[in-house]
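In: just coords:
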Ligand SMILES: NC(=O)C1=CN([C@@H]2O[C@H](COP(=O)(O)OP(=O)(O)OC[C@H]3O[C@@H](n4cnc5c(N)ncnc54)[C@H](OP(=O)(O)O)[C@@H]3O)[C@@H](O)[C@H]2O)C=CC1
Ligand SMILES: CC(=O)C(=O)O
Ligand SMILES: [Mg+2]
């Protein structure tokens with residue numbers, strides 16, 4: 001058993017979830033650390049403790065109850081929490097993450113028991129350094145930060161959105177093997193425009209409307225500067241910001257800080273992985289795809305930009321690549337004559353006639369791929385899917401919006417409305433579908449395959465920056481781990497039962513790229529997988545000295 005030096009004793013040791021082992025403290029530890037009398041007599045193994053957790057979970061009747069129970073476990077015994085979750089990722093990822101986390105966020109202020117992470121409010125602007133200094137002096141390597149501006153497809157839910165950084169960082173460990181002591185979830189509270197939230201008597205955030213963009217960005221500047229001073233090796237992970245802020249803040253910091261935006265870059269990575277494998281199924285090439293995006297926000301733009309980069313890698317000019325992409329938002333097609341577009345949307349506004357009708361736009365443009373990043377559940381109606389199937393022998397349809405009720409169409413709808421011809425994936429894991437005797441296995445096109453692996457690579461290499469090319473590498477790494485057996489059933493992504501192993505393989509590839517790009521000052525390892533494995537967290541109790 002590996003050793004760990006601890007300073008705490010007695011109750012303090014038991015009440016710190018990162019040191020607590022409960023009934024698994026050994027006799028020697030009980031004697032040495034003043035634990036006798038504080039723990040029942042039995043000396044248990046972690047396996048027995050897992051058995052007890054599973055038994056308690058079997059008495060819960062809904063996923064939100066299981067979420068609350070597991071959150072309580074994390075607050076009590078971190079090692080046991082990760083041991084349970086990592087023992088069966090297929091069962092537990094949908095509980096601690098998407099889709100249950102969507103419900104947990106909407107109820108965040110109501111189900112809250114113990115606070116987790118750091119909350120910095122714009123009301124305390126000017127004193128961020130002081131507030132951040134209250135967090136224990138730890139080697140923080142990653143901060144996942146949101147302002148709750150666009151949580152999944154749920155819109156602005158203010159401080160209730162803190163559930164997302166907490167959940168994303170749990171996946172860093174459970175799916176990517178990044179040690180939990182390096183992780184800090186953080187909420188930048190600049191208010192909310194959501195009236196229902198503002199008038200909820202139990203709401204835990206700042207009760208005021210969001211400020212103008214300039215005021216918000218000055219607040220974020222102060223935050224980024226403070227983090228760089230206090231945690232010089234920290235990578236900032238931006239998550240679920242309002243679309244235009246997400247894109248603009250990434251542009252603002254990407255060249256001067258180690259940071260990335262998961263909705264923009266991580267989502268693009270998983271969509272590219274899906275596309276690589278969809279093209280294997282239809283035996284096509286990316287150059288021949290005409291890609292239609294329903295949604296032109298942070299995820300849509302991130303995907304479009306990464307596809308363009310990949311097409312440029314394949315020899316197309318940037319303009320030729322951009323011409324293969326059509327975008328459609330709440331107001332309709334992105335066309336040159338529109339005056340309401342953001343700078344980052346303009347490259348995708350073509351010289352076309354405007355329309356606000358999705359079906360009409362799809363009929364006119366006859367795309368080969370349709371990607372939903374609109375936040376709008378059921379946007380892909382039967383007619384939309386049938387039109388895609390009428391123009392394409394194998395239409396590619398990705399319904400990426402989360403959680404489940406926000407998916408643009410379900411797996412069953414996509415397969416049945418296309419007579420089983422759609423190559424389909426969604427942001428959530430839909431169950432398999434049997435149609436006319438054939439079984440289809442929809443994959444989960446979720447950035448969960450990308451951000452834990454990229455984070456692990458950044459952690460192991462101490463990378464200084466996080467360029468888009470790392471996400472292209474991650475996409476290739478994920479795509480190549482999907483066997484022919486899965487592709488034959490229409491599944492574009494690797495099995496989540498092996499998520500840690502998959503992330504390690506992906507991280508090995510990404511870390512090699514980090515060294516090639518000169519983004520790490522460490523000595524490159526001979527064996528990248530072994531290098532990643534050495535950095536991987538194991539949910540095992542250490543022996544305390
Ligand atoms: N599967 C995954 O891994 C991921 C999934 N997502 C999901 O993608 C969705 C979008 O995220 P994100 O891009 O960050 O959000 P944004 O708010 O930045 O963008 C949403 C976009 O959808 C457009 N839109 C709204 N209503 C419609 C409509 N009826 N028809 C067409 N477009 C519409 C908006 O237009 P306008 O600006 O005009 O309102 C905007 O362009 C979310 O539901 C999120 O859960 C995000 C990241 C990862
Ligand atoms: C998965 C994710 O990041 C989102 O839906 O925003
Ligand atoms: Mg997100």
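Out: Everything's here; your move. Quantities reported herein were computed from a predicted structural model and do not represent experimental measurements. Ligands and ions are numbered 1, 2, ... in the order given.

In: how about the residues of the stretch 51-200 of the chain near ligand 2?
Out: The interface of the stretch 51-200 of the chain toward ligand 2, taken as C-beta under 6 Å from any ligand atom, is made up of 98, 152. Any C-beta I mention is one placed from the backbone N, CA and C, and that applies to glycine too.

In: what are the ranges of the helices in the stretch 51-200 of the chain?
Out: Here the stretch 51-200 of the chain has its helices, by DSSP state H, counting those that start in this stretch, at 63-76, 78-87, 89-96, 100-106, 108-111, 128-132, 163-174, 195-198.

In: packing partners for the fourth one?
Out: In this structure, helix 100-106 makes packing contacts with helix 63-76, helix 163-174, judged by 3 or more C-beta pairs under 8 Å, 6 or more residues apart in numbering; DSSP states H and E.

In: okay, these, which one's buried deepest?
Out: helix 163-174 (a mean of 26; mean count of other C-beta atoms under 10 Å).

In: which residues touch the closest residue to ligand 2 within the stretch 151-300 of the chain?
Out: In the stretch 151-300 of the chain, the residue that lies nearest ligand 2 is residue 152 (4.4 Å; C-beta to the nearest ligand atom). Listed by C-beta atoms under 8 Å, 6 or more residues apart in numbering, the contact set of residue 152 reads 98, 101-102, 105, 164, 240, 401-403, 406.

In: Secondary structure class of residue 240, three-state.
Out: coil (DSSP: H, G, I helix; E, B strand; the rest coil).

In: quick one on the thing from earlier: output the helices and strands packed on helix 100-106 as a markdown table; include the columns mean pLDDT and distance to ligand 3.
Out: A markdown table is the format used below for the helices and strands packed on helix 100-106 (pLDDT from 0 to 100; distance: least, C-beta to the ion, whole Å):
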| stretch | mean pLDDT | distance to ligand 3 |
| --- | --- | --- |
| helix 63-76 | 98 | 18 |
| helix 163-174 | 98 | 7 |
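
In: Quick one: the helices in the stretch 201-350 of the chain, in order.
Out: Under DSSP H, counting those that start in this stretch, the stretch 201-350 of the chain gives helices at 213-230, 243-253, 267-282, 298-313, 318-323.

In: Can you name every helix or strand that the shortest one contacts?
Out: Contact analysis of helix 318-323 by 3+ C-beta pairs under 8 Å, 6+ apart lists helix 298-313 as its packing neighbours.

In: Would you mark the buried spots in the helix it packs on?
Out: Across helix 298-313, burial judged by 16 or more other C-beta atoms under 10 Å covers 298-311.

In: That one and ligand 3, any residue contact?
Out: No. Figure legend: helix 298-313 not in contact with ligand 3 (C-beta under 5 Å from the ion); closest approach 7.8 Å.

In: Please apply the same query to stretch 90-108.
Out: No. Judged by C-beta under 5 Å from the ion, stretch 90-108 and ligand 3 are separated, with a smallest distance of 8.8 Å.

In: which outside residues touch that stretch?
Out: By C-beta under 8 Å, 6+ apart, the list of residues contacting stretch 90-108 from outside reads 63-64, 66-68, 70, 84-85, 111, 151-154, 157, 159-164, 167-168, 170-171, 174-175, 204, 402-404, 427-429, 446, 448, 495-497, 499.

In: Which residue is it, in the stretch 101-250 of the chain, that comes closest to ligand 1?
Out: Of all residues in the stretch 101-250 of the chain, residue 243 sits closest to ligand 1, at 2.2 Å by C-beta to the nearest ligand atom.

In: so how many other residues sit close to that residue?
Out: Neighbour count for residue 243, taken as other C-beta atoms under 10 Å: 25.

In: ditto for residue 280
Out: For residue 280, the tally of surrounding residues (other C-beta under 10 Å) stands at 15.

In: Could you tell me what pLDDT the model assigned to it?
Out: For residue 280, the model assigns a pLDDT of 98.

In: Just give me the neighbour total for the residue nearest to it when sequence neighbours are not counted.
Out: Leaving out its chain neighbours, the residue that sits closest to residue 280 by C-beta to C-beta, 6 or more residues apart in numbering is residue 487, at 6.1 Å. Close neighbours of residue 487, defined as other C-beta under 10 Å, add up to 17.

In: my read is residue 487 is in a strand, agree?
Out: No. Counting by three-state DSSP, residue 487 falls outside a strand, being helix.

In: For the residue of the stretch 151-300 of the chain closest to ligand 2, which phi and psi angles does the backbone take?
Out: Main-chain dihedrals, residue 152, degrees, to the nearest 10: phi 50, psi -140.

In: now it, nearest residue through space, not along the chain?
Out: In space, residue 152 is closest to residue 402, 4.2 Å off (C-beta to C-beta, 6+ apart).

In: In contact with residue 303, which residues?
Out: Residue 303 neighbours (C-beta under 8 Å, 6+ apart): 267-268, 271-272, 293, 371, 373.
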